[in-house]
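> Below is the sequence, then the predicted model.
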Amino acid sequence: MRLSVILISLVLPAAAAEIPQGAHVLLRMVNSINTRTAKEGDYVYMKTATPIVVNGQFLVPAESYVQGVVSKAQRSGRVKGRASLSIRIETLTLPSGQAIHISPNPASVDSEGTGQKVDSKEHEIQQGGNVGKDVERGAVLSGAGAGLGGMVDRSWTGAGIGAGAGAGVGLVTALLTRGQEVELRAGSTMDVVFERAVPIP
């Protein structure tokens, strides 16, 4: 009796494409936003600055649109309180036009010499402190006041009074001047990290 060997071909489904947990993606700002004018609920528009590639597979091309929304915008205070900005990133639009839900968190942003950076615990962008600048401003005004007082009074007493007046002006100026705001300019970049995997259809 002849035995027929029947070969059964099992077709395994291809592994689902996804942006893995922990992946970093660089986004580029399309519009500018800052804590001076931003309000909760304002939209933020970005594009992927580089393609998203996983295991040699191109999942999302560069220049794909990403949309987010401001969830918190706090201006810098006059005496204390640093500016902070929170952005909730919500959708990524694929070349097909399909929008998928995403929720990565900011990991770093362009500081552009301002000292702004991402707080890793709060996932918000915070501005650096201005204490050094306030002290420097007070010192400059004190020195200018001392010089002016010395010239007018031609004595060390006048210089001391001038220095005191200059320091007073420096203090008042510091109290009336807000610190730097958080600002993300069009063209600047933001590195985001995915806390969970996101399937790509």
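On my side now, so go ahead.
> so where's the protein shaky on pLDDT?
Within the chain, the stretches with pLDDT under 70 are 1-16, 78-80, 129-178.
> so what's the nearest residue to residue 198 once chain neighbours are set aside up against?
Spatially, and ignoring its direct neighbours in sequence, residue 198 is nearest to residue 19 (4.4 Å; C-beta to C-beta, 6 or more residues apart in numbering). All C-beta spots, glycine's among them, are computed from the backbone N, C-alpha and C. Contacts for residue 19 were tallied using C-beta atoms under 8 Å, 6 or more residues apart in numbering; they are 25, 52, 54, 59, 60, 102, 194, 197, 198, 200.
> Assess the claim that residue 74 and residue 122 are in contact.
No. With contacts counted by C-beta atoms under 8 Å, residue 74 stays clear of residue 122, the gap being 11.4 Å.
> Mind listing what's buried along stretch 106-113?
Within stretch 106-113, the residues scored as buried using 16 or more other C-beta atoms under 10 Å are 106, 108, 109, 110.
> gap between the closest residue to residue 114 other than its chain neighbours and residue 123?
If the residues on either side of it in the chain are set aside, residue 114 comes closest to residue 180, at 5.7 Å by C-beta to C-beta, 6+ apart. According to C-beta to C-beta, to the nearest Å, residue 180 stands 20 Å off from residue 123.
> which element is residue 103 on?
Assigned by DSSP states H and E, residue 103 falls within no helix or strand.
> these two touch, right, it and residue 92?
No. Assessed by C-beta under 8 Å, residue 103 is found out of contact with residue 92, at 10.4 Å.
> more neighbours, these two?
A direct count of neighbours by other C-beta atoms under 10 Å for residue 103 and residue 92 places residue 92 higher, at 24 against 14.
> which residues pair with that one across the strands?
Note on residue 92: beta-bridge partners residue 66, residue 100, judged by DSSP bridges.
> In contact with the residue nearest to residue 114, which residues?
Residues in contact with residue 180 (C-beta under 8 Å, 6+ apart) are 76, 83, 114, 115, 116, 127, 128, 130.
> Same question for residue 184.
Going by C-beta under 8 Å, 6+ apart, residue 184 touches 29, 32, 33, 34, 44, 85, 109, 110, 125, 190.
> Now intersect those with the strands, please.
Using DSSP state E, the members of the contacts of residue 184 that fall in strands are 29, 33, 34, 44, 85, 109, 125, 190.
> With respect to residue 97, which of the residues you listed is nearest?
Ranked by distance to residue 97 (C-beta to C-beta), the ones in strands among the contacts of residue 184 are led by residue 44 at 20.4 Å.
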